[in-house]
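Asker: with the input below, show me the fold.
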Amino acid sequence: MATFALAQAGDEVTRPTFWQIGHLGEALFYYLSAVAIAIFLYGVYDRFATYSRGTESWFDRLDDLPGRVLSAAKIVFTNEKQFDRDLYAGVMHAFILWGFLTLFIGTTILAIDMDIWTKGLGRDSFFVGDFYLSYSLVMDAMGLLFVVGVGMAIYRRYWVRNARLWGKHTSTEDDLFVWTLFLLGVGGYLTEGVRILGTSATRDVSFETVSFVGWFVYDVLQVAGVTPEMATAAYPAVWWSHALLALAFVAAVPYAKPFHMISSFANVVTRDEMAGKRLPGVPDDAGPEEIGHGSIEDFSWKELLDHDACTKCGRCSSVCPAKASDRPLDPRDVILDLKQYREDLDAGRTEEKPIVADGGDSVIAAETMESCMSCMACMDACPVEIEHVEQFTQMNRRLTESGQMDANVQDAMMNVFQNGNTFGEPDRKRPDWVDDLDFEVPDARDEPVEYLWYVGDYPSYDERNRKIARSLATIFEEAGVSYGILYDDEQTAGNDVRRVGEEGLYEMLVEDNAAAIQDCEYDKIVCTDPHSYNTFQNEYPEFEECAWTAEDVFHYTQVVEDLFRDGALGLSGTELDYTVTYHDPCHLGRYNGEFEAPREIVAGTGCDLAEMPRNREDSFCCGGGGGGLWMDFEEDPKPSEERLREALEDTEAGGAVEKFVVACPMCMTMYEDGRKTGDYEDDIEIVDVSELLVEAIGATERAEVAAD
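Answerer: Prediction:
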C-alpha cells in the first residue's frame, strides 16, 4: 500500500509488479523462472554439443570474431535480407524483431531493478517517475509493432496462404510458434489493462495514459462493464496465464522453431562470404569412402548449424529454377530432411542409412541432387545465410565416388578425362574456330601478351558459340589489344566438373591449365565463359599450382567495357536501334557481382535495353549450370523457355523485344535450345554481347557472324 500512497500523493509514479500475486506466488514464479532458464540453458548447450560432433570446417569461420559479430548484427538488425524481393516480409519481420527485442530488453531492465538494484543492493527503485513513464511509452509502442508484425505473419500464412510458407515440413510446431507469439503480445496488453483498471479503485491512474495500448484495453474493459473489483479478482488468473506462457516459451526455445533466433544469428556470424563461389577440396589422404557426405558424421559443424538455422520460410524454394521446372528438388526440403534425419537418428526413431543414393532407402535421392543447377539463387535468397551449394556438392561427390553419377554426365566427364573437353573432340581441333578469320590470333605460348585469353570449350567446339569467339577476337583486333590464346594447350576449366562432384578430375584440370598458363608471359587472364571466370578467379588461386591471384582474372565484358569507355572501339556512325533485353548469367552476376559491364556495352551500341522483372541478383537460371547442360530432364517448361517467355511478355517493352542478349556461351546453348523447344524461333533472336558490339563497330562481316 506504500507504493499506492506515494502515487496518489503525486510524489512518484510507478506500478506494482506482483500486485495481487502475494509472497508465495512471487516465490513460485521465481522457482518456475529458474526451472525455465535451466531447461533453456541445457537445451542450448545440447544443441551446440551436437555441432561439436560435426567435422571441422574447411576454413576458419571464427577469425576476426568481433568483426564478424558486428557485420552479422548489421545484417540481422537492419533486416536487409528479409526486405530483399519481399517488402511485406521485410516490414513484418522488422516489426517482430524489434518489438521482441524491445520487450526482452524491457523485461531485463525490470528484472535488474527488482532483483539486483533493490533486493540485491538495497537501493531505491529507479522504476519510478519519468523513467517509468518513458519506459511504459516505449514498451507499449514497440510491443504494438510486435503484435502488428505477428498479425501480418498470421494474415499471410492463414488468410493469403502464401505458397512458399507451406510444404513438406510444415507442422503443428509452426502454428504453435506464431500463435504463441501473438498470445504473448496480446496477453501482455490484456494484463496491463486489467491491472490499470483494478488499481484505479485505490489510486489515481491518469498517468498510465502514457501506456496508450494498455489504456485502450482499460477503456474497452470499462465499456464492456468490467468493474475495478472484477478486474482485481481476475488479475491473478490473467497474470499467471501470461507468465506461464512466457516461461514455457523460454523453456521451449532450444527445442523447437524459436531456436532460429539463436542459430540464425550464429549462422550469419560464421558465414563464408565466398560460399558457393569456391568449394572445399578433398584431403590428400582421403579414401574413397571419405570423399563427400555419405553419413551424418561427415557434415561439418557449420553444415549442422545450417540445418538448425532454417526457418522454413521457403524463400530458397520460391526462387529455385529446378523446382519451378518440376525437377525433384526443393532446397528447403533437402536442408530440413537432413535435419529431421539427424534428430530422428539421435532419438532412435530411425536406423542409419545412406545420406544420398540412386534408388533404395536414402535420406536424399540421387535425382534430387542431380537436379541442382548450382545457380546459387537459393543462397542469395536465404535470409540466414544457409550454404546450400557446398552441401549439395558434397553429396554429389558421394554419388560420384560410389559410381552413381548420371549417365550423360559420366560421358561428359570421360570426354574431359580423355580429351580435355566435354565434346570428346581432339585437342588439335580446339583452335579451329580461328581458321575463318582474316587475321592471325596470337599464340600466347610464343610471345608476351597483356591479356591471356582463355577461350573455353563451347566457343572452341560448338558452332554457334564459335561466332562469339570470332566476335571477341575481332573486337580485340579492332581495339589493338595485346592478347593471345593457348591454342591446343587449353583444357576445360572445370567449374562445372567440380560442381557435379568430380573433384579428382577437377584437380587434374587445375594442374594442367595452371601449368600451361605458367609457361606464358602475360599480365591478365580474360575468360569468355563466366563459369571459367568464376573458377579461375575464386578457386584456382586456392591451389599451389596457380601463380595468379583473383585480381588478375576478368570476364571479357569487363575488359571490353574498358576498351569501349576509353575510345579504343569506334562506332560505325550508325548506332543500333534494336529493342533488347539482357540476361544476367548466374556465374557472372549472382556469383561475382558483375551486372553493369554488359549493360554499359549494350547501352553503348545504341540499343534500347528493356529489363526483365528478374534481373541482376534475382536473375533466373538458364538451366545449364551444375551439369544441367549435359543432362536430359523432362521439364515443362524448361528454365530457358520460361526465361524467354518472360523476355517476350514481362518487360516494359513487352513483345517489342527483338533480341535476347547473353554474355555466357552456356546460356547461348541453353537459350538456342529453348527457342526451338518453346516455339520462339520467329519471336526473338539470341545474341551475345560481343556480337552486338561487333555489329555496332561495323565489323560483322570481318568476324563472320552474319546470319547463315
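
Asker: can we go C-alpha only for contacts and neighbour counts from here?
Answerer: Noted.

Asker: and for E273, the neighbour number?
Answerer: Using other C-alpha atoms under 10 Å, E273 has 9 neighbouring residues.

Asker: which SS state does it fall under?
Answerer: Put simply, E273 is coil when judged by DSSP: H, G, I helix; E, B strand; the rest coil.

Asker: from D488, how far out is it?
Answerer: Distance, E273 to D488, by C-alpha to C-alpha, to the nearest Å: 35 Å.

Asker: try G606
Answerer: Distance, G606 to D488, using C-alpha to C-alpha: 37 Å.

Asker: tell me which of those two has more neighbours.
Answerer: Each of G606 and D488 has its neighbours counted (other C-alpha under 10 Å); G606 has more, 18 against 14.

Asker: shouldn't that one be within a helix?
Answerer: No: counting by three-state DSSP, G606 falls outside a helix, being coil.

Asker: mind naming the longest helix for this structure?
Answerer: If you go by DSSP state H, the chain has its longest helix at helix 22-52.

Asker: in the stretch 151-300 of the chain, which spans are helices?
Answerer: 172-199, 212-223, 228-252, 260-269 (DSSP state H, counting those that start in this stretch).

Asker: could you dump those to CSV with distance to K676 and mean pLDDT?
Answerer: Below are the helices of the stretch 151-300 of the chain laid out as CSV (distance: least, C-alpha to C-alpha, whole Å; pLDDT from 0 to 100):
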stretch, distance to K676, mean pLDDT
helix 172-199, 44, 96
helix 212-223, 62, 95
helix 228-252, 55, 96
helix 260-269, 43, 95
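
Asker: quick one: contacts for A324?
Answerer: S318, P639 (C-alpha atoms under 8 Å, 6 or more residues apart in numbering).

Asker: look up how far V205 lies from it.
Answerer: For A324 relative to V205 (C-alpha to C-alpha), the value is 59 Å.

Asker: host element of the residue lying closest to H388 once chain neighbours are set aside?
Answerer: Once flanking residues are discounted, H388 sits nearest to M379: 6.3 Å by C-alpha to C-alpha, 6 or more residues apart in numbering. Under the criterion of DSSP states H and E, M379 resides in helix 377-381.

Asker: can you list contacts of that helix?
Answerer: The contact list for helix 377-381, computed with C-alpha under 8 Å, 6+ apart, reads 81, 84, 315-317, 319-320, 331, 385-389, 590, 617-618, 620.

Asker: let's see it at 10 Å
Answerer: If you take C-alpha atoms under 10 Å, 6 or more residues apart in numbering as the criterion, helix 377-381 is touched by 81-82, 84-85, 275-276, 314-321, 330-332, 385-389, 586, 590-591, 617-621.

Asker: are any of these buried, and if so which?
Answerer: 81-82, 84, 275-276, 314-321, 330-332, 385-389, 586, 590-591, 617-621 (16 or more other C-alpha atoms under 10 Å).

Asker: now intersect these with the helices, please.
Answerer: Residues of those located in helices (DSSP H): K81, Q82, R315, C316, S317, S318, V319, P321, P331, R332, H388, V389.

Asker: residues contacting the fifth one?
Answerer: Each residue near S317 by C-alpha under 10 Å, 6+ apart is listed here: 164-165, 167, 323-324, 329-333, 377-378, 381-382.

Asker: in the protein, which spans are strands?
Answerer: Counting by DSSP state E, the chain has strands at residues 356-357, 364-365, 449-454, 483-485, 522-527, 553-555, 579-582, 608-609, 659-662, 685-688.

Asker: next, the angle strand 449-454 makes with the fifth one.
Answerer: For strand 522-527 against strand 449-454, the angle by axes from the mean of the first three to the mean of the last three C-alpha atoms, to 10 degrees is 30 degrees.

Asker: strand 522-527 - contacts with which helices or strands?
Answerer: Judged by 3 or more C-alpha pairs under 10 Å, 6 or more residues apart in numbering; DSSP states H and E, strand 522-527 is in contact with strand 449-454, strand 483-485, helix 530-538, strand 553-555, helix 556-565.
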